[in-house]
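Asks: what's the 3D shape of this:
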Amino acid sequence: MIIEGNGIIKSFGALKVLKGIDFQAEKGEVVSIMGASGAGKSTLLQILGTLSTPDEGSLKIDGIDVLKLSSKELSIFRNTKIGFVFQFHHLLPEFTALENVMIPAFIAGKSEKEAKPLAENLLKDLGLSERMSHKPSELSGGEQQRVAIARALINNPSVLFADEPSGNLDSVTKAELHKLFFTLRDKYGQTIIIVTHDPDLAAMCDRSLFMRDGLFVEE
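Replies: Residues are numbered from 1 along each chain as shown. Prediction:
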């Protein structure tokens, strides 16, 4: 089991957003989490991705009890074991596609000599060989999102978390991006957890979970 979360509870003030969630995912599995806005999907994703801490519960990722790590250990763990793709790609505008992808590798202590070929190979795999020297403003929305995916994969993480990754894209680009997640899983073996409102994407996943009022429910 690559992710094992049990009894996850999270409140913001008096509002209990997660009410005792159990979540497991196997290595190489693609799991979607669906539900109306406010159901707790993004809060859960942030906790599973170690960006936020639960009030109660346990969480192991790749056999590591992440809630027991110091903040420094957690930063290193997050940078090397976890990749994130958000609805808004958060690329740095002053850097090229290639430079944006290399940044997490530099943070992980890789030299430019090590990071550059990794970034180039990922961008080639994502169909962006001709766009490596372009800055984000010169790329389409779909291309920017693929650069963000390459950046998330540069350190070969165990898990990729995606929060509404195709929420801003047109239907053709969206369909291409959805297929891409499965191509990447087959090539790199990542576990991929996707929060989405998109029923087509959910239907493609190995498993789809539905949240309502802070709990998983049968649809």
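
Asks: how close does residue 16 get to residue 56?
Replies: 11 Å (C-beta to C-beta, to the nearest Å). Every C-beta, even on glycine, is put in place using the N, C-alpha and C of the backbone.

Asks: Compare these two (neighbour count), which wins?
Replies: residue 16 (15 against 12; other C-beta atoms under 10 Å).

Asks: and that one, helix, strand or coil?
Replies: strand (DSSP: H, G, I helix; E, B strand; the rest coil).

Asks: Kindly provide the distance from it to residue 197.
Replies: 23 Å.

Asks: Now residue 159. Nearest residue, chain neighbours left out?
Replies: Spatial nearest neighbour of residue 159, excluding adjacent residues (C-beta to C-beta, 6 or more residues apart in numbering): residue 191 at 4.8 Å.

Asks: residues near that neighbour, how many?
Replies: Applying other C-beta under 10 Å, I find that residue 191 has 23 neighbouring residues.

Asks: And the pLDDT at it?
Replies: On pLDDT, residue 191 comes in at 91.

Asks: in the protein, which helix or strand is least confident?
Replies: helix 171-188 (a mean of 80; mean pLDDT, DSSP states H and E).

Asks: now it, how far from the centre of its chain.
Replies: 13 Å (C-alpha atoms, centre = their mean, to the nearest Å).

Asks: buried stuff in it?
Replies: Buried residues in helix 171-188, defined by neighbour count with 16 or more other C-beta atoms under 10 Å: 173-175, 177-178, 180-181, 184-185.

Asks: Repeat that for stretch 33-40.
Replies: 33-35, 39-40.

Asks: for stretch 108-121, same thing?
Replies: In stretch 108-121, counting by 16+ other C-beta under 10 Å, buried: 110, 115-116, 118-120.

Asks: before we move on, what about stretch 64-75?
Replies: Applying a neighbour-count criterion of 16+ other C-beta under 10 Å, the buried positions in stretch 64-75 are 64, 66, 74.

Asks: Which ones among those residues map onto strands?
Replies: The members of the buried residues of stretch 64-75 that map onto strands under DSSP state E are residue 64.

Asks: now this structure, which segments are flagged as low pLDDT?
Replies: Under the criterion pLDDT under 70, the flagged ranges of the chain are 87-89, 167-169, 219.

Asks: circling back to that earlier point, export the buried residues of stretch 108-121 to TSV and append columns for secondary structure and distance to residue 21.
Replies: Output for those, formatted as TSV (DSSP: H, G, I helix; E, B strand; the rest coil; distance: C-beta to C-beta, whole Å):
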residue	secondary structure	distance to residue 21
110	coil	35
115	helix	36
116	helix	40
118	helix	34
119	helix	35
120	helix	39
